[in-house]
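Trainee: next comes the sequence, and after it the predicted model I'd like to discuss.
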Amino acid sequence: MNLVRSLLVAWKVPRWRRALVVAALSDALGFGVMLWPAAQWLLDGLTAAVLFMMLGFRWSLLAALAIEAVPVLELFPAWTLVVAAQAAVETQKTFQGARC
């Protein structure tokens, strides 16, 4: 199963759809507050808290938070890519489990 198909399947699950929207919104707002480090940290902390509440504890979310803490790497849409990857992996596991 390819990544695009996994993401389309994940988009049908409300929990993953909400998490992807939160992550994309955070990355988009991150560009607007890039010049204010305190606002950026607050946004990233709030994003991490919301995603932890929605998805539960996942190490990849901590990795995204660490990436967002590095000034140059904050241009990278880490939240969106990490949530998309987690959604793809989980839906792929679910899809493979249903086929067996």
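Mentor: Thanks, I have it.
Trainee: by average pLDDT, which secondary structure element in the protein comes out worst?
Mentor: Lowest on mean pLDDT, DSSP states H and E among the helices and strands of the chain sits helix 3-11, with a mean of 72.
Trainee: any idea how far apart the tips of stretch 33-42 sit?
Mentor: End-to-end distance of stretch 33-42 (Cα to Cα, to the nearest Å): 10 Å.
Trainee: re the thing from before, what is the least confident helix or strand of the chain packed up against?
Mentor: For helix 3-11, the helices and strands in contact under the criterion 3 or more Cβ pairs under 8 Å, 6 or more residues apart in numbering; DSSP states H and E are helix 14-32, helix 78-99. Backbone N, C-alpha and C define where each C-beta goes, glycine included.
Trainee: I'd like the average pLDDT over the first one.
Mentor: In this model, helix 14-32 carries a mean pLDDT of 91.
Trainee: save the helices and strands packed on helix 3-11 as TSV, and put in distance to Leu46 and mean neighbour count too.
Mentor: Formatted as TSV, the entries for those read as follows, by distance: least, Cβ to Cβ, whole Å; neighbours: other Cβ atoms under 10 Å:
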stretch	distance to Leu46	mean neighbour count
helix 14-32	8	17
helix 78-99	11	17
